[in-house]
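Peer 1: got a predicted structure plus its sequence, pasted below:
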Amino acid sequence: MAARSDEVASRKSREKPVENKDQDSFLQRLGPGLITGASDDDPSGIGTYSQAGAQLGFGIGWTMLITYPLMAAIQEISGRIGRVTGHGIAGNVCRNFPTPVIWSMVVLLFVANTINVAADLGAMGDALKLLIGGPGTLYVVLFGAVSVIAQIFFKYERYVAILKWLTLVLLAYVIALFLAKVPWGEALKGLLVPKIEWNGPFLTTLVAILGTTISPYLFIWQSSQEAEEQRIDPDKKPLKREPEKEDEEVKRIRIDTLVGMAVSNVIAIAIIMTTAATLHASGKTDIESSAQAAEALRPVAGALAELIFALGIIGTGLLAIPVLAGSTAYAIGEGRKWPVGLSRKPKEAVAFYSVLALSVALGVGLNFTALDPIKALYWSAVINGILAAPIMTVMMLLVRRKSVMGDLMVSGPVYWLGWAATIAMFLCVVGMACSMVLS
């Protein structure tokens, strides 16, 4: 009997690491896609979703279910481009399209991302001022400096781990939702039953939501991060050079992306429902920013809701600014064929880090000008909307080129969903033009 017990105990001890290994394996699958999805809910995005909920109530919630498969498909395609080729989107465009194509895209991306960085930093400064008082502009400078220093001097693996942990701040918006008194029947109806209004405010909000959830900087970041993680791993080569690993790697990218985009959309739904149940229900529909939404929550949902909402703005900003500035640096660096990557030491990629720092510095500087941050963010969304459609078209052409993807060209449902997302973005631009005429 003693021998039998020893055998059972030995078997259990051997099985335990396998269980831990399976758990670790799942967690290790989450990386570029999770960070990309979480960064989509940046302070500017929170402002957009807050405006949507405050102005239109629960009736706009269904858009998040519609956008999920579209954004998941286009982000998976972005990740596969990076992993298969060993280059990000900009690196592939500059190798396969005329120079004017890449640089027209890069210039627009730089402008849009820098304005977005400025708006996010401003929102973070306002949120911290709301919580502790003091000079909001000083907080803008501090947040900008922390972001740049962390990206340049932190070890890559540690920095990515920090970004992963920062995704947990999004839980603040789930907590805020449950602090609000939500009429769940009405909320679920708005989520599951599409409702369209043919007027300027609705179309403008619809365009803003689509432009917020499907943005060029997200494509570029995820593709470049997949290429980066392949480059620093001595056991990995570009997937087109070792196609026998296709199933394993595509499955990893798909799980990572589906989880990341689900996190993004669940949080967006939570924000829309929170503001619909509180601000819209009390007639407070004139919300223009995330910080205003946090402040407006106090009288209708309590000080704790305001606190949680404001802390979420700061946390998501710390996550999103590196992605915004990093995607700009990757795009310009790959377009110029510089050494790029957050895993490189500063002296190995001076130009790359200089672009990154410049983008954040300009974002900080814009907060000291007379530029209206709300109008600036609006025009940033316009530029993103105009830019996203052609970048997505280029991506869809790249993934069907054998010279780019080898034998691993994208096909099937993901490919067609990618085209559906691209067409949706073209319609977004048309809708944006219509909303300008109607407003």
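Peer 2: It's in.

Peer 1: now the helices: where do they sit in the stretch 101-250 of the chain?
Peer 2: 136-153, 156-166, 171-179, 184-192, 200-213, 216-232, 246-275 (DSSP state H, counting those that start in this stretch).

Peer 1: put the alpha carbons of the third one into CSV.
Peer 2: In CSV, the C-alpha atoms belonging to helix 171-179 read as follows (Å, rounded to 0.1, in the frame of the first residue of the first chain):
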residue,chain,number,x,y,z
LEU,A,171,-11.4,46.9,-15.0
ALA,A,172,-12.1,50.3,-13.5
TYR,A,173,-14.8,50.8,-16.1
VAL,A,174,-16.5,47.5,-15.3
ILE,A,175,-16.5,48.6,-11.6
ALA,A,176,-18.0,52.0,-12.6
LEU,A,177,-20.7,50.2,-14.5
PHE,A,178,-21.8,48.3,-11.5
LEU,A,179,-21.8,51.4,-9.4
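
Peer 1: shaky segments in the stretch 301-439 of the chain?
Peer 2: Within the stretch 301-439 of the chain, the stretches with pLDDT under 70 are 301, 373-375, 377-378, 381-382, 432, 435-436, 438-439.

Peer 1: ditto for the stretch 101-250 of the chain
Peer 2: Using pLDDT under 70, the stretch 101-250 of the chain drops low at 200.

Peer 1: take the helices of the stretch 101-250 of the chain and write them to CSV, including distance to L304 and mean neighbour count.
Peer 2: (C-beta placed from N, C-alpha, C; glycine too.) Formatted as CSV, those follow (distance: least, Cβ to Cβ, whole Å; neighbours: other Cβ atoms under 10 Å):
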stretch, distance to L304, mean neighbour count
helix 136-153, 22, 18
helix 156-166, 22, 15
helix 171-179, 6, 19
helix 184-192, 20, 15
helix 200-213, 27, 22
helix 216-232, 32, 26
helix 246-275, 13, 22
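
Peer 1: could I get those helices as a markdown table with distance to T422?
Peer 2: Below are the helices of the stretch 101-250 of the chain laid out as a markdown table (distance: least, Cβ to Cβ, whole Å):
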| stretch | distance to T422 |
| --- | --- |
| helix 136-153 | 31 |
| helix 156-166 | 28 |
| helix 171-179 | 29 |
| helix 184-192 | 25 |
| helix 200-213 | 12 |
| helix 216-232 | 11 |
| helix 246-275 | 16 |
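
Peer 1: among these, which comes closest to A361?
Peer 2: helix 136-153 (7.1 Å; Cβ to Cβ).

Peer 1: and that closest one with helix 156-166, angle?
Peer 2: Counting by axes from the mean of the first three to the mean of the last three Cα atoms, to 10 degrees, helix 136-153 points 140 degrees away from the direction of helix 156-166.

Peer 1: who does helix 136-153 touch, helix- and strand-wise?
Peer 2: helix 99-132, helix 156-166, helix 303-336, helix 350-366 (3 or more Cβ pairs under 8 Å, 6 or more residues apart in numbering; DSSP states H and E).

Peer 1: same list (these) but as TSV, adding distance to L30.
Peer 2: Shown next, in TSV, are the helices and strands packed on helix 136-153 (distance: least, Cβ to Cβ, whole Å):
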stretch	distance to L30
helix 99-132	23
helix 156-166	7
helix 303-336	14
helix 350-366	24
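
Peer 1: so which of those helices comes closest to R231?
Peer 2: The closest of the helices and strands packed on helix 136-153 to R231 is helix 156-166. By Cβ to Cβ, the value is 10.6 Å.
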